[in-house]
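1. Below is the sequence, then the predicted model.
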Amino acid sequence: MDGLFENVMVSFAPMSNCPVWKVDPARPEATAIDAAAALVREGGVIVYPTETFYGLGGDPMREAAIEHIFQIKGRSFHKPLPLIASRMDSLRSAVGDWPSTAQKLAGAFWPGPLTLILPASPALPSTLHAQTGKIAVRISSHPVATALAAAVGGLLISTSANTSGEPACSNPEDLSESLLHRVDGVLHGGRLPGGAPSTIVDVSVRPPRLVREGVLPWDEVKNRCEA
């Protein structure tokens, strides 16, 4: 990784060697995105902003990165990890089926805080989806998340940047030292809105099933399904 941080504005988190790039959340600097993406491509784990909370990102095709994220969070290996995609063709490569309901909801709510559960592509490591055969996916509306996903090839693991059972983090200044010691970098895009997380809907079944109501009200999503 020699020369990785050359010409990149980077600081280091207190009491750790974790690099922190402060970026414009609306127009993230390419040098910072490229440096963070290089770490992800090498198997590293990055903290980055989404629409509501900060997430942990890694390469979904690397078993070591998947296992590292489970370990950082203290998350059960029986709980799948979701993905974000930079654009639709990348997202479609992660799923084994694309029903008409998914097309309706994607057209209505993406990019944005709606996560769809779909049959997983057999190309994905089974560890990622906990051998369920299903994968949770969305296209984020946050410019940093989208840029990072694009820079690593189109798909990025996206789970909340916190220890399982602890509150999600909307301000990177509140990230715990223990987490900072275990990640490889932070894209600092300032304080996020927080509040409710993304709404999760399983569209691999008929009728679609609400898994978690979040920012988007279920009634609004359900109406789109039935339209």
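-> It's in.
2. Spatially nearest residue to the most centrally placed residue in the chain, not counting backbone neighbours?
-> By C-alpha atoms, centre = their mean, the mean C-alpha position of the chain lies nearest to residue 158, the distance being 1.9 Å. Computed as C-beta to C-beta, 6 or more residues apart in numbering, the closest residue to residue 158 that is not its neighbour in sequence is residue 84, at 4.3 Å. Just so you know, the C-beta spots here come from the backbone N, C-alpha and C atoms, and that holds for glycine as well.
3. Would you map the strands across the protein?
-> In the chain, the segments counted as strands under DSSP state E are 11-12, 19-22, 46-49, 54-57, 83-85, 114-119, 134-139, 155-157, 159-160, 185-188, 199-202, 209-212.
4. averaging pLDDT over each of those, which comes out lowest?
-> The minimum mean pLDDT among the strands of the chain belongs to strand 11-12 (a mean of 64).
5. Show me the shaky parts of this structure.
-> Counting by pLDDT under 70, the chain contains low-confidence ranges at 1-16.
6. try it again with 80
-> Applying pLDDT under 80 to the chain flags the ranges 1-17, 227.
7. Count the neighbours of residue 86 for me.
-> Neighbours of residue 86 under the rule other C-beta atoms under 10 Å: 22.
8. ugh, wrong one, I meant residue 73
-> Using other C-beta under 10 Å, residue 73 has 21 neighbouring residues.
9. Can you give me the distance of it to residue 56?
-> Distance, residue 73 to residue 56, using C-beta to C-beta, to the nearest Å: 7 Å.
10. can I get the strands of the chain in CSV with distance to residue 148 and mean neighbour count?
-> Shown next, in CSV, are the strands of the chain (distance: least, C-beta to C-beta, whole Å; neighbours: other C-beta atoms under 10 Å):
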stretch, distance to residue 148, mean neighbour count
strand 11-12, 19, 12
strand 19-22, 11, 21
strand 46-49, 5, 28
strand 54-57, 6, 28
strand 83-85, 9, 27
strand 114-119, 17, 23
strand 134-139, 13, 23
strand 155-157, 6, 25
strand 159-160, 14, 21
strand 185-188, 7, 26
strand 199-202, 21, 22
strand 209-212, 24, 13
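11. Tabulate these in CSV, adding columns for distance to residue 77.
-> Converted to CSV, the strands of the chain look like this (distance: least, C-beta to C-beta, whole Å):
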stretch, distance to residue 77
strand 11-12, 31
strand 19-22, 28
strand 46-49, 21
strand 54-57, 15
strand 83-85, 17
strand 114-119, 18
strand 134-139, 15
strand 155-157, 14
strand 159-160, 13
strand 185-188, 24
strand 199-202, 19
strand 209-212, 19
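12. If anything else comes up later, I'll come back, but that's it for now.
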